[in-house]
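>>> Task: produce atomic coordinates for the following.
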Amino acid sequence: MPWSESWAQEPLTVLPETQILVITGLAILVALARMTWNIVGYPVTIVHELGHAVAALTAGYRLRGITVNGDMSGATNYWSRGAAGTVWTLWWGYPTPAVVGVALIWAAMSGWARAALAVVIAGLFLVFLLSRSWHTVGVVLSTGLVLGLVGWFGSASMVNIVVFALGWLMIVGAVRGLWSVTRSHISRRGVSRSDAYLLGRATRLLPGPFWLLTFAIAIAACTWYAVSSIVTAVS
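Numbering: from 1, shown residues only. Below you'll find the model as predicted:
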C-alpha cells in the first residue's frame, strides 16, 4: 500500500496477544545482542543526534553539521549563544531515542504506523542534509532506504511490526546509551565528551551526575510506558 493511499490503518493490537509478545521479545533481543546491535544500533545514534539538532533549531541556533561515527558515537555541531539554549540543546540527546520509541510504539498500537514512518524518514532527510562524513551519509541513506521500502511496499501488518520493533529498538538503545554514559562517568574514561559533563560545565551549579539522573528519569518513564502498553494490549 503506497504512502498516499492511507495514513491510518488497523493497529497492531488486532494481532493475537502471543504474536505481540513474540515481536516485542525478538525486538528486545535484537537490540541487546552484541552482534545484531552492531548493525541496528546506528539508527539510535542518528536519533540521538537528531534530538540535539531539533533542540538547537528550537533554541534559535544555526546548525553546522551532524556526524555519525563507526563506533556509534556521534556529534552535532551548531553555533550557540546563551546558557539556557545550550542546556536545552545538550539535554535532548540521550532521552530522545526513548521519547521517539514511545511515539513509535503508540503509533503502531493506534493505527498510525505508516504516518509515523513518514515522520521518521523526514527526520532522516534532515540528518542527511546536515551530514558531514561519508559514513554518516551511508548510514542515513541505508536506514532511510529500508524504512522507505517498508512504508511504500509493505502491508499494513508489516508496517505495524516494523514501526513497533523500531520503537523497542529506540527504548533499549536509550537504556544502553544511559548505561554507557553512566559507566563513563564512573570510570572517568572519556567523560569530558559526555553530554552530562558538558551540561555540568554549562550550568556550573548542577554537576554531571545530576544531569545523568534527569536522563534516567526521562528514559525510565518512557520504558514504563512501553512496558505498560504491552501489558494493556495482552491483558
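>>> residues contacting the residue nearest to residue 81 when sequence neighbours are not counted?
Distances taken as Cβ to Cβ, 6 or more residues apart in numbering put residue 61 closest to residue 81, at 7.5 Å, once the chain neighbours are dropped. Heads up, the C-betas are built off the backbone N, CA and C, glycines and all. Residues in contact with residue 61 (Cβ atoms under 8 Å, 6 or more residues apart in numbering) are 78, 79, 80, 81, 85, 89.
>>> and with 7 Å instead?
Residue 61 makes contact with 78, 79, 80, 85, 89, according to Cβ atoms under 7 Å, 6 or more residues apart in numbering.
>>> The residues you listed, buried ones only, as a ChimeraX selection?
Restricted to the buried members of those, where burial is judged by 16 or more other Cβ atoms under 10 Å, the ChimeraX selection command reads as follows:
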select :78,80,85,89
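>>> Minimum pLDDT in the contacts of residue 61, which residue is that?
Per-residue confidence across those is lowest for residue 80, with 79 (pLDDT).
>>> Excluding covalently adjacent residues, which one is nearest to that residue?
With sequence-adjacent residues excluded and distances taken as Cβ to Cβ, 6+ apart, residue 80 is closest to residue 86, at 4.9 Å.
>>> follow-up on the earlier one: of the contacts of residue 61, closest to residue 187?
When the contacts of residue 61 are compared for distance to residue 187 (Cβ to Cβ), residue 89 wins out at 26.0 Å.
>>> Can you tell me the SS state at the closest one?
When the structure is reduced to helix, strand and coil (DSSP: H, G, I helix; E, B strand; the rest coil), residue 89 reads as helix.
>>> Can you give me the distance of it to residue 139?
22 Å (Cβ to Cβ, to the nearest Å).
>>> residue contacts, the most centrally placed residue in the chain?
Nearest to the centroid of the C-alpha atoms of the chain, with distances taken as Cα atoms, centre = their mean, sits residue 97, at 2.5 Å. With Cβ under 7 Å, 6+ apart as the criterion, the residues that contact residue 97 are 44, 47, 48, 170, 173, 174, 177.
>>> Out of these, which sit inside helices?
Counting by DSSP state H, the part of the contacts of residue 97 found in helices is 44, 47, 48, 170, 173, 174, 177.
>>> Which among those residues count as buried?
In the ones in helices among the contacts of residue 97, burial by neighbour count holds for 44, 47, 48, 170, 173, 174, 177, counting by 16+ other Cβ under 10 Å.
>>> Could you list the low-pLDDT ranges of the chain?
Counting by pLDDT under 70, the chain contains low-confidence residues at 1-8.
>>> Show me where this protein has its helices.
Chain-ordered helices for the chain, with DSSP H as the definition, fall at 17-32, 34-40, 42-58, 83-91, 95-110, 113-130, 134-153, 156-187, 195-203, 208-234.
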